[in-house]
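J.: only the shape, not the letters, is given here:
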């Protein structure tokens, strides 16, 4: 591999890690967490199932039917709700299909892995963005530190 190829791969990796996904609503994790909300308040099911759900518009409207109704972003949420369609949030974290990763949020929460371990400090983040790059090295490092299984079949199918 030439130095140019390595340099390009490193640059692309850094760019990809820093890239932000355009979201339909400028949702501020920082503001909502400062109000005392917890990750599971919006990302339900993470403690009992494999996936942390992306909040539905009806979940947002539980608070925003009355809170901050003059805010332009909340007005966008209300418009989605009025049309009866969910907000088309863009998923920020996922594994490439060819990695054949079977990730289970609930198992990690039961093991007392904090959300910030894999998602970064969302108290300092506004819109959803990828703050932590997931790869086999980061996962294996954490499994070693926590004494979790390092058997391939634990994570891959």
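T.: All right, it came through fine. Everything quoted here is computed from the prediction, not taken from an experiment.
J.: show me where pLDDT drops low in the chain?
T.: Counting by pLDDT under 70, the chain has low-confidence residues at 1-19.
J.: one more time with 90, if that's ok
T.: 1-21, 51-52, 125-129, 157 (pLDDT under 90).
J.: in it, which spans are helices?
T.: For the chain, helices defined by DSSP state H occupy the ranges 3-18, 29-34, 39-42, 57-64, 72-83, 105-110, 115-119, 136-146, 152-155.
J.: of those helices, which approaches residue 92 most closely?
T.: helix 115-119 (8.6 Å; C-beta to C-beta). C-beta here means a position set from N, CA and C on the backbone, and glycine is covered the same way.
J.: can I get the helices of the chain in TSV including distance to residue 89 and mean neighbour count?
T.: Formatted as TSV, the helices of the chain follow (distance: least, C-beta to C-beta, whole Å; neighbours: other C-beta atoms under 10 Å):
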stretch	distance to residue 89	mean neighbour count
helix 3-18	20	10
helix 29-34	13	15
helix 39-42	11	17
helix 57-64	10	17
helix 72-83	11	14
helix 105-110	17	16
helix 115-119	15	16
helix 136-146	24	13
helix 152-155	25	13
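J.: for residue 130, find the nearest of those.
T.: Smallest distance to residue 130 across those (C-beta to C-beta): 6.6 Å, for helix 3-18.
J.: would a markdown table of the helices of the chain with distance to residue 99 be doable?
T.: Listed next are these as a markdown table, based on distance: least, C-beta to C-beta, whole Å:
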| stretch | distance to residue 99 |
| --- | --- |
| helix 3-18 | 15 |
| helix 29-34 | 26 |
| helix 39-42 | 24 |
| helix 57-64 | 30 |
| helix 72-83 | 32 |
| helix 105-110 | 17 |
| helix 115-119 | 15 |
| helix 136-146 | 8 |
| helix 152-155 | 9 |
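J.: among those helices, which comes closest to residue 50?
T.: Across the helices of the chain, closest to residue 50 is helix 105-110 (C-beta to C-beta), at 6.3 Å.
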